[in-house]
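Asker: okay, sequence plus prediction incoming.
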Amino acid sequence: MPAHFLSDDEAEDAQDRGIAIVKIGPGQRLKFKAIARMGISKEHAKWCPVAVATYRFSPVITINEDQVATLSLDEKEELVNACPDRILELNEEGNIVAAEDAEHMATFTEDLYYAQQAMKKRPEDEDFVSVVQSKDRFLFSVEGTGAMDAEEILMSSLRVLKDRLNYLAQEVENLKDLM
């Protein structure tokens with residue numbers, strides 16, 4: 001008997017069969033008393049629906065077309081292959097462009113930096129490609145334990161954040177009234 005669903009509709013829409021508490025054979029019955037208690041992970045980790053939650057700043061990839069134009073095709077290929085995340089590629093015309101999903105792949109660009117430094121004719125020359133962190137955009141990732149969907153976890157956490165910010169705004173207003 002699954003102890004996972006609140007309604008028949010929820011059971012039909014589910015991707016699993018619920019959490020089995022006990023298995024009983026044909027003709028057997030079970031009699032027990034139970035206390036169900038809802039809690040939050042602030043009280044105990046067993047109520048935490050999140051396995052992993054991470055964020056990182058979104059990279060901004062800028063290609064200096066003028067500097068790249070000074071490179072030979074072999075040097076361009078070397079620059080594209082220097083980055084282990086494969087955030088750059090050569091198009092049909094032999095120009096360096098950002099890969100289609102480069103924003104999500106760019107995590108380690110130090111090799112690209114060193115390859116550029118080696119290719120520059122003078123150390124003070126501008127970089128061929130720059131990868132910097134965005135100040136106002138980030139990539140957020142949530143993995144759930146299965147108790148809640150990742151989207152449901154995110155929406156719930158945003159509701160809590162909104163409530164806390166509203167509370168803070170109200171307290172600030174109360175302080176202004178006292179002054």
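Answerer: Ah, there it is.
Asker: low-confidence stretches in the chain?
Answerer: Regions of the chain meeting the criterion pLDDT under 70 cover residues 1-7, 10-19.
Asker: spell out for me which residue occupies the centre of it.
Answerer: Relative to the mean C-alpha position of the chain, the nearest C-alpha, by C-alpha atoms, centre = their mean, is the one of S141, at 2.2 Å.
Asker: where does the closest residue to that one other than its chain neighbours sit, in terms of helix or strand?
Answerer: Closest residue to S141 apart from its sequence neighbours, by C-beta to C-beta, 6 or more residues apart in numbering: T54 at 5.0 Å. All C-beta spots, glycine's among them, are computed from the backbone N, C-alpha and C. With elements taken from DSSP states H and E, the one containing T54 is strand 50-63.
Asker: contacts for that strand?
Answerer: 41, 87-88, 96-98, 102-103, 106-107, 109, 128-135, 137-145, 153 (C-beta atoms under 8 Å, 6 or more residues apart in numbering).
Asker: S141 and G25, how far apart?
Answerer: 43 Å (C-beta to C-beta, to the nearest Å).
Asker: check K33 too.
Answerer: Distance from K33 to G25, by C-beta to C-beta: 22 Å.
Asker: show me where this protein has helices.
Answerer: 8-13, 65-68, 73-82, 102-105, 110-119, 150-178 (DSSP state H).
Asker: and of the ones you listed, who's closest to P49?
Answerer: Closest to P49 of these is helix 150-178 (C-beta to C-beta; 5.4 Å).
Asker: so which elements touch that closest one?
Answerer: strand 129-144 (3 or more C-beta pairs under 8 Å, 6 or more residues apart in numbering; DSSP states H and E).
Asker: in the strand it packs on, what's buried?
Answerer: Buried residues in strand 129-144, defined by neighbour count with 16 or more other C-beta atoms under 10 Å: 129-131, 142, 144.
Asker: cool, stretch 112-131 as well?
Answerer: Within stretch 112-131, the residues that count as buried by 16+ other C-beta under 10 Å are 112, 115-116, 119, 127-131.
Asker: and those residues, which is closest to D74?
Answerer: M119 (10.6 Å).
Asker: the closest one touches V80, doesn't it?
Answerer: No. If you go by C-beta atoms under 8 Å, M119 and V80 don't touch, sitting 12.0 Å apart.
Asker: isn't I153 right up against P49?
Answerer: Yes. Contact criterion C-beta under 8 Å: I153 and P49 qualify, at 5.4 Å.
Asker: what sits in contact with each of these two?
Answerer: Residues touching both I153 and P49 by C-beta under 8 Å, 6+ apart: G144.
Asker: would you mind measuring from T109 to T54?
Answerer: 18 Å.
Asker: E171 versus L165, what's the distance?
Answerer: 11 Å.
Asker: let me redo that: D101
Answerer: Taken as C-beta to C-beta, the span from D101 to E171 is 43 Å.
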